[in-house]
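*Asks:* Sequence first, predicted model second:
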Amino acid sequence: MVSKTQNQDWHPNIWPPFTQITNSKPQQEVSHGKDALLFTKDPQQELIDGISSWWVTLHGHSNEYIANAIFNQAKSLEQVIFADFLHPQAKKLAERLSKLTQLERLFFSDNGSTAVEVALKIAYQSWQNQGETRSQIIAFEGAYHGDTFGAMALGERNIFNENFDNLMFPVKRAPWPSTWINDDDVERKENEAIQKLITLLKVPTVAVILEPLVQGAGGMNMVRPEFIQKVSEVVKNNNSLLIADEVLTGFGRCGSLFAFKRANIIPDLISISKGLTGGFLPMGITLTKEKIFQSFIDESPRKTFWHGHSFTANPLGCAAANASLDLLEKEPLKYMSLEKKHFDHLVKFRKLPFIKKIRITGTIAAFDLELGNKVGYLNDIGKKIKSLSMKKGLFIRPLGNVVYLLPPICITDDQLEKSYQIIWQTLNDL
């Protein structure tokens, strides 16, 4: 059969993620990466990785400390079945993360979607194990929690999942009161969202799930810590569980080690991935309170959590995660200082009339563009900006008309300044 991909630069065997082949440019081949930089096969091209390679590369590419930790671990144990065996790296990581989050139990999985799936399954079964059947789940408008079926059902229903709509379970939605610099309407939006949440929680609810402080794929939609505090209080008062999806927001991304810490709450369950291993290896973890774990301890096999993954608590991934935590603990200013740096660069962008809703949380900066031909992710302005920026030496991947920077925390001041200069030049070129 003749391929519909006429451009010979597309690899004949590879199917890239989140890519509409017919109107996208082929992938470029990367030869290597170092710190905040990517190097393509073109010897003249050096790119600042402005989005941390889909938000995973925390300390930069080819970080020697993490690479050496993986290398040393590989020489002693590369993999072992975790249902029957412990290993030192998993023990160390579990103890550290439990202490940092104040949640006592960890369940290892493979990625962000599975970490969310595990949280959802634990929450749902925990009520059954206590003799109570609940089915209502509440998420927020604009949410994204992954692409496996359970995680997909939790997310906003849109073009990315509408083909599977009849296979997904129903989810109730509360408004997400997105805010930005100089937003005079934020308190009204928050109050309305809380009132809707209170109304929904009148029905006994399995859990409320949110991305604390920042909805990532939904458009870098940010809320205040005060709103997260209110949500936590309302969920607790209505005897439900709160799941914090920290797949994007964890490990310094929001200016604190975890976003829930900046909001001064303690969720019942937390899902983490992406920056967990510094971006070196895929791994997911779901953390939960001891009380929830205890509801699964029983002579009846029906109360057991029958779930697992082949590479659960992979020793190489655990070694990478422990090394990444070492770096975060050694130099917290790297992630704590980026918020002010973003702000200082974005001040002049207010002068451009087509830029709206400038917003910053920790290492993440974003704004909307009133340009292009469509609303949201399918606005073609994003692809134009990506192409123009890459020619100037910056890789970014706008979410439609939402332009954002989420660089590795090792980015230098000069590289950050250059990134903003390129965005400024690109917008003026448009």
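*Replies:* In hand now; what should we look at?
*Asks:* Just want the most central residue of the protein.
*Replies:* Leu248 (2.0 Å; CA atoms, centre = their mean).
*Asks:* how about it, secondary structure?
*Replies:* Under the three-state scheme (DSSP: H, G, I helix; E, B strand; the rest coil), the conformation of Leu248 reads as coil.
*Asks:* all helices of this protein, in order?
*Replies:* 52-55, 64-74, 88-101, 112-129, 149-154, 186-200, 225-237, 259-262, 290-294, 315-330, 333-336, 338-346, 381-392, 413-429 (DSSP state H).
*Asks:* Output the below-cut-off pLDDT ranges for the chain.
*Replies:* For the chain, applying pLDDT under 70 flags the ranges 1-7, 375.
*Asks:* quick revisit: could you name the stretch from the helices of the chain that's closest to Gly219?
*Replies:* Nearest of the helices of the chain to Gly219, taken as CB to CB: helix 381-392 at 11.0 Å. Yep, even glycine has a C-beta here, placed from its N, CA and C like the rest.
*Asks:* What helices and strands are in contact with the closest one?
*Replies:* With contacts taken as 3 or more CB pairs under 8 Å, 6 or more residues apart in numbering; DSSP states H and E, helix 381-392 sits against strand 402-405, helix 413-429.
*Asks:* okay, now the domains of the chain?
*Replies:* Per the record, the chain has its domains at 21-62+333-429, 66-330, by automatic domain parsing.
*Asks:* Pick the most buried one from those domains.
*Replies:* Of all those, domain 66-330 has the most neighbours on average by mean count of other CB atoms under 10 Å, namely a mean of 19.
*Asks:* ok, so what distance separates Ala36 from Leu58?
*Replies:* Look at Ala36 and Leu58: by CB to CB, to the nearest Å, they are 11 Å apart.
*Asks:* what do these two both touch?
*Replies:* Shared contacts of Ala36 and Leu58, defined by CB atoms under 8 Å, 6 or more residues apart in numbering, are found at Pro408.
*Asks:* Redo the helices of the chain as CSV? Include distance to Leu405.
*Replies:* Formatted as CSV, those follow (distance: least, CB to CB, whole Å):
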stretch, distance to Leu405
helix 52-55, 10
helix 64-74, 23
helix 88-101, 26
helix 112-129, 21
helix 149-154, 26
helix 186-200, 23
helix 225-237, 21
helix 259-262, 18
helix 290-294, 37
helix 315-330, 20
helix 333-336, 14
helix 338-346, 7
helix 381-392, 11
helix 413-429, 6
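*Asks:* For Ala217, find the nearest of those.
*Replies:* helix 52-55 (9.4 Å).
*Asks:* how about that closest one as PDB, C-alpha atoms only?
*Replies:* Once non-C-alpha atoms are left out, helix 52-55 reads as follows in PDB (Å, rounded to 0.1, in the frame of the first residue of the first chain):
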ATOM      1  CA  SER A  52      12.200  20.400  28.900                       C
ATOM      2  CA  SER A  53      11.300  17.800  26.200                       C
ATOM      3  CA  TRP A  54       7.700  17.600  27.200                       C
ATOM      4  CA  TRP A  55       8.300  18.600  30.700                       C
END
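*Asks:* where does it sit relative to the chain's centre, distance-wise?
*Replies:* On the basis of CA atoms, centre = their mean, to the nearest Å, helix 52-55 sits 10 Å off its chain's mean C-alpha point.
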